[in-house]
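[1] Pasting the sequence and the predicted coordinates here, then a few questions.
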Amino acid sequence: MNWNRMVIGLAVAALVGLVASIFVYRQVRRATAPRPVMTLQVVVAAMPLPLGARLQDQNLRTMAWPADSPLPPGVFTRKTDCLDRALVSSVVENEPILEAKLAPKEGGAGLSVTIPEGMRGISVQVNEVIAVAGFVLPGSMVDVLVTGSTGGQGTNNITKTILEDIRVLAAGQQIEQDKEGKPHTVPVITLLVTPEDANKLTMGANEGKIQLALRNTIDTKKENPPPVLQATLFGGAPAPTRPSKQPKGAPPAPVAAPYVVEVIRGGKRETSTFTNP
C-alpha cells in the first residue's frame, strides 16, 4: 500500500514538473521572440541624381522606414507628390527626397532652378590651373582674383581679389572652335553672384586674367586683402598700405602759446620767453 502511494506521488510530482517546465519554456520563448517592426514607406532616389534633374518615376522608389523613428522634415511618402519637380541639389542613391531639395512645380528644370531670387549665375572660361586642377566642383566656395594693368607701360600690373566666398553652381565643358576652325573643349565654371558682382566678374574676365582660389566651405569670413603691385613683388618698392582711418571732423590738437617771465633786478628789467609744455 505504501509502495503504491509512493509511486503515485512520484508520478504526480513528475507530471507537475513537466507542466511547469513547459510553461517556463513557453514564457521564455515568448519573451525572446522578435517583435514585429512597424514601418512606413518613404520616397528615395533610385540612383544618383545631379542638380537640376527633373524627377521621373524611374528615378524614384520607396523604402521602408521604422514607424517609431522620426521622419526627416519634408519627406514624401508617395512618388506622385514629387514627380516632374527639379532638384536644387544633387542626391545619392537611397537618399530620401525632401521638399527642401526640390524647386517649385512651376520653376522648371535645369540650372536656373538653383538660382535664388535676386542672384545671378554667370559662367567664365577657365583652364585646369585656374580651376584649381579640377578640384573646383559644384557646391565649392571660391575667391576670384584678377590680374590686370593699371594703365601706362612698365611695372603697372596689379593682382586684386574682387570677389570672396562665391559658390560654384556648375563646373562643365563646352565645345568651341579654335583659330583653325577645329572644335576643342573649353572648361567653364558657373558662379552664383549678385548683379553687381556679375559686372565685376565680367570686367575682370574681359580686361584681365582671373584666378580662382579654393576655400573651405565653412570659412565665410571675408578678408579683403590689399592688392599686390608688380613693382612691389619684383622691384622692392614699398607695398601699398591701407590708409589709416581718422575720425571725421576731429579738430587738430591746439598748440599751447609760449609764456613770458619778466624779471626786475634793481633798475634793470629783463624778460624771458619759455615754451609751454
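    Yep, that arrived.
[2] and Gln211, how many neighbours?
    Gln211: 19 surrounding residues under other C-beta atoms under 10 Å. Bear in mind the C-beta positions are built from the backbone N, C-alpha and C, glycine included.
[3] Just the terminal-to-terminal distance for stretch 38-54.
    With C-alpha to C-alpha, to the nearest Å as the measure, the first residue of stretch 38-54 is 32 Å from its last.
[4] Buried ones in it, by neighbour count?
    Across stretch 38-54, burial judged by 16 or more other C-beta atoms under 10 Å covers 42-46, 49, 51-54.
[5] Those: which two are farthest apart?
    Maximum pairwise distance among the buried residues of stretch 38-54 (C-beta to C-beta): 23.0 Å, between Val42 and Gly52.
[6] and which of the buried residues of stretch 38-54 is nearest Thr147?
    Closest to Thr147, out of all of the buried residues of stretch 38-54 and judged by C-beta to C-beta, is Leu51, at 30.9 Å.
[7] Where does the closest one sit: helix, strand or coil?
    Counting by DSSP: H, G, I helix; E, B strand; the rest coil, the backbone at Leu51 sits in coil.
[8] Assess the claim that it and Thr114 are in contact.
    Yes - between Leu51 and Thr114 there is a contact under C-beta atoms under 8 Å: 5.9 Å.
[9] intersection of neighbour lists for those two?
    When contacts are counted by C-beta atoms under 8 Å, 6 or more residues apart in numbering, Leu51 and Thr114 are jointly contacted by 88-89, 169.
[10] Compare these and tell me which is most surrounded.
    Leu169 leads these on contacts (other C-beta under 10 Å) with 23 neighbours.
[11] element containing that residue, please.
    Remark: Leu169 resides in strand 157-177, with elements defined by DSSP states H and E.
[12] And for Asp68?
    Counting by DSSP H and E, Asp68 is found in no helix or strand.
[13] Identify the residue spatially nearest to it, adjacent ones excluded.
    Met38 (6.9 Å; C-beta to C-beta, 6 or more residues apart in numbering).
[14] Also Val113?
    With C-beta to C-beta, 6+ apart, the residue lying closest to Val113 is Ala103, at 3.7 Å.
[15] so how many other residues sit close to the one you found?
    If we define neighbours as other C-beta under 10 Å, then Ala103 has 18 of them.
[16] And Glu93, by the same measure?
    Around Glu93 there are 11 residues (other C-beta under 10 Å).
[17] so what's it up against?
    Residues near Glu93 by C-beta under 8 Å, 6+ apart: 45-48.
[18] now with 10 Å?
    Residues in contact with Glu93, defined by C-beta atoms under 10 Å, 6 or more residues apart in numbering, are 44-49, 61.
[19] ditto for Phe76
    Phe76 is in contact with 41-44, 60, 62, 82-83, 96-99, 102, counting by C-beta under 10 Å, 6+ apart.
[20] repeat for Ile218
    Met141.
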